[in-house]
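Sequence plus the predicted model coming up.
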Amino acid sequence: MHHICKSFGTVQALSDVHFELRRGEILSLLGENGSGKTTLMNILSGIYFPDAGEIYVNGNLVTIRQPKDAFDLKIGMVHQHFKLVDVFSAAENIVLGLPGGRTINRRALTRHVREIADQYGFEIDPDKKVYDMSVSEKQTVEIIKALYRGADILVLDEPTAVLTPQETDKLFDIMRAMKKDNKSIILITHKLNEVLAVSDRVTVLRKGEYIDTVLTKDATIQSLTDMMVGRSVSLEIDCPVPQNVEPILKVQSLTVLNQDGGKALDDVTFGVNGGEILGIAGISGSGQRELCEAIAGLYPVTGGSILYRNVVDGHEVDENVVGLNPNDIVKKGIALAFVPEDRLGMGLVPSLNMVDNIMLKHYRKKKGFLVDRRTSREIAERLVDELQIVTPDVFTPIRKLSGGNVQKVLVGREIDTHPRLLMVAYPVRGLDINSSYTIYNLLNEQKEKGVAVIFIGEDLDVLMEISDRLLVLSGGRVTGIVDPRCTSKQDIGLLMLGQSIDNEKGADAV
């Protein structure tokens, strides 16, 4: 790909970008959010058409105007969000959209799928329905679907984002097997340790421009980060030792049902202390969202109790908040703050500005009929200075801010309420490196102030580094509460899969 340019309105997404992929190699494509890496791959896969530039495949100049053109050139892309039909089987999804898909010989299809699986080391049941599959099984279907259609070039967009360490290792073995078969793989990821583990070369983009391509063996996590950001960045997460911890929250035998009547959480019991960060790990859909929303009064509870340590008439008491909505919890004087996963749906109102979004959190505390915008404006201006929020002014609609600045507004607003318990769900999802480390530092500052912090994340390396204790969920059940400094990443992966580990390694730590 030479001199690739692409604009969306006045935004220049790609400017004179060069990209080269060799036969039989694994190439990692790196860049912060907004660097243009996904746009570049969407051009290669036919989703976008470039404003300028040339694409060569096997030395031939080609035109890719639609996904079918990429398909004809044996280019396949596995997106982060899978494109499968839940009620169809693996085999039916694999041939969906192909000519003659309705009349294809099912026995021949199953045989061909198994041949591909055996060749590269996949484990798949062609007759299994998608709704019965784990995340890794769905990913397997997507990859085999591309290989079944003859793909020689495979683009994998954040393929390990929701996998356990064991599933990630298995995927890397499969990628190496495909490489030996002369397949070429483009890996889009933000996990630099995985880049160093599996790729041959690394291409870095920054702000829509090509920076460099280097051999992986000559790269380090620090050197790649510096290329992505454009300057030297500290990659250390400060993890102060908890001081004077005291119980803040006790969750006992908590059970909640999902929309289908199944158990989203099943007999969940744990405690959180002030002055510590309790990380929560698990495969996507293991009950993380339901747990946070149940504690915040946003999700109905079927059984169990949520006991919050509150001060009433000068005495500390454990108050059960089950059955209370967020407004009831506030009225009881319970200092609870929640940064939800859906930052622009549940967290902030995108059409409102920063001042009004802050006012939504505080207006109930004021008596009388008049709304106090002055205080909200003062808070907004202070947060802009303290958190280095980039915005034209505090009256700019939230929807016009970048993802990192939106998250700073949300986290800053919640912290400004001076909580005793702070819950954050995937707080750095979609953020660049600088914004991510700003959030990590904010959480540790709250911890040092004696706040109990519940941190739900998807990057296991970060969870292990920032957490004092780590609770692992699998299928809505707690499979272990471990000390991340005494437990290996592989053991935590086993807990995420619902398996048990030796208690001497740190399971059931308190």
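Received it, and whenever you're ready, just let me know what you need. Because the structure is predicted, anything quoted here is derived from the model rather than measured.

Show me the shaky parts of the protein.
Residues of the chain that meet the criterion pLDDT under 70 lie in 100-103, 244, 363-371, 430, 503-510.

now with 50?
Residues of the chain that meet the criterion pLDDT under 50 lie in 504, 506-507, 509-510.

ok, P419 - contacts?
Counting by Cβ atoms under 8 Å, 6 or more residues apart in numbering, P419 makes contact with 335-337, 446, 451. To be clear about C-beta, it is placed using only N, CA and C from the backbone, and glycine gets the same treatment.

Surely it is within a strand?
No: counting by DSSP: H, G, I helix; E, B strand; the rest coil, P419 is not found in a strand; it is coil.

mind listing the strands for the stretch 101-250 of the chain?
With DSSP state E, counting those that start in this stretch as the criterion, the stretch 101-250 of the chain has strands at 153-157, 184-188, 201-206, 209-215, 246-257.

quick one: which of the ones you listed is nearest L163?
strand 153-157 (11.5 Å; Cβ to Cβ).

name the helices or strands packed onto the closest one?
Under the contact criterion of 3 or more Cβ pairs under 8 Å, 6 or more residues apart in numbering; DSSP states H and E, strand 153-157 touches helix 37-44, strand 75-78, helix 135-148, strand 184-188.

Let's have these in TSV, adding distance to L387 and mean neighbour count.
Listed next are the helices and strands packed on strand 153-157 as TSV, based on distance: least, Cβ to Cβ, whole Å; neighbours: other Cβ atoms under 10 Å:
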stretch	distance to L387	mean neighbour count
helix 37-44	27	23
strand 75-78	36	24
helix 135-148	33	21
strand 184-188	29	23
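
of these, which approaches A425 most closely?
Going by Cβ to Cβ, the one of the helices and strands packed on strand 153-157 nearest A425 is helix 135-148, 17.8 Å.

about what we covered before: so which of the contacts of P419 comes closest to D16?
Nearest to D16 among the contacts of P419, counting by Cβ to Cβ, is Q446 at 43.7 Å.

Just want to check the distance between the closest one and D416.
11 Å (Cβ to Cβ, to the nearest Å).

hang on, the earlier thing: how about the strands of the stretch 101-250 of the chain in JSON lines, adding distance to A108?
As requested, the strands of the stretch 101-250 of the chain are exported to JSON lines (distance: least, Cβ to Cβ, whole Å):
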{"stretch": "strand 153-157", "distance to A108": "24"}
{"stretch": "strand 184-188", "distance to A108": "27"}
{"stretch": "strand 201-206", "distance to A108": "38"}
{"stretch": "strand 209-215", "distance to A108": "42"}
{"stretch": "strand 246-257", "distance to A108": "43"}
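
Indicate which one of the ones you listed is closest to A70.
strand 153-157 (8.7 Å).

send the alpha carbons of that closest one over as PDB?
The C-alpha trace of strand 153-157 is given here as PDB (Å, rounded to 0.1, in the frame of the first residue of the first chain):
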ATOM      1  CA  ILE A 153      -3.900 -12.500   3.900                       C
ATOM      2  CA  LEU A 154      -5.700 -12.400   7.300                       C
ATOM      3  CA  VAL A 155      -6.300  -9.300   9.300                       C
ATOM      4  CA  LEU A 156      -7.000  -9.900  13.000                       C
ATOM      5  CA  ASP A 157      -8.400  -6.900  14.900                       C
END
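
what lines up beside that strand in the sheet?
If you go by DSSP bridges, strand 153-157 pairs up with strand 75-78 (parallel), strand 184-188 (parallel).

Show residues contacting the helix or strand that comes right after the first one.
Right, the one you point to is strand 75-78. Next helix or strand after strand 75-78 toward the C-terminus (DSSP states H and E): helix 90-95. When contacts are defined by Cβ under 8 Å, 6+ apart, helix 90-95 is touched by residues 84-85, 101, 104, 106, 109-110, 113, 124-128, 130, 133, 137, 141, 144-145, 148.

Okay, and the beta partners of D212?
Assigned bridge partners for D212, using DSSP bridges, are V204.

ok, it touching M227?
Yes: if you go by Cβ atoms under 8 Å, D212 and M227 touch, sitting 6.2 Å apart.

Return every residue with contacts to both of the two.
Overlap of the contact sets of D212 and M227 (by Cβ under 8 Å, 6+ apart) consists of V204.

and the closest residue to G282 other than its chain neighbours, how many residues sit next to it?
Among residues not flanking G282 along the chain, L473 sits closest, at 3.7 Å (Cβ to Cβ, 6 or more residues apart in numbering). The number of residues packed near L473 is 26, by other Cβ atoms under 10 Å.

Is it correct that L473 falls within a strand?
Yes: the assignment for L473 is a strand, going by three-state DSSP.

Now do the same contact list for it.
268, 280-282, 286-288, 291, 479, 496.

And the residues you listed, which is closest to S232?
Minimum distance to S232 across the contacts of L473 is 30.2 Å, recorded for A281 (Cβ to Cβ).

what residues does stretch 437-447 touch?
233-235, 237-240, 242, 275-277, 387-388, 404, 407-408, 411-412, 415, 419, 422, 424, 427-428, 431, 453, 455, 462, 466.

Same question for stretch 22-29.
Residues from elsewhere that reach stretch 22-29 (Cβ under 8 Å, 6+ apart): 19, 21, 37, 40-41, 175-176, 179-180, 182-189, 195, 198-203, 205, 216.
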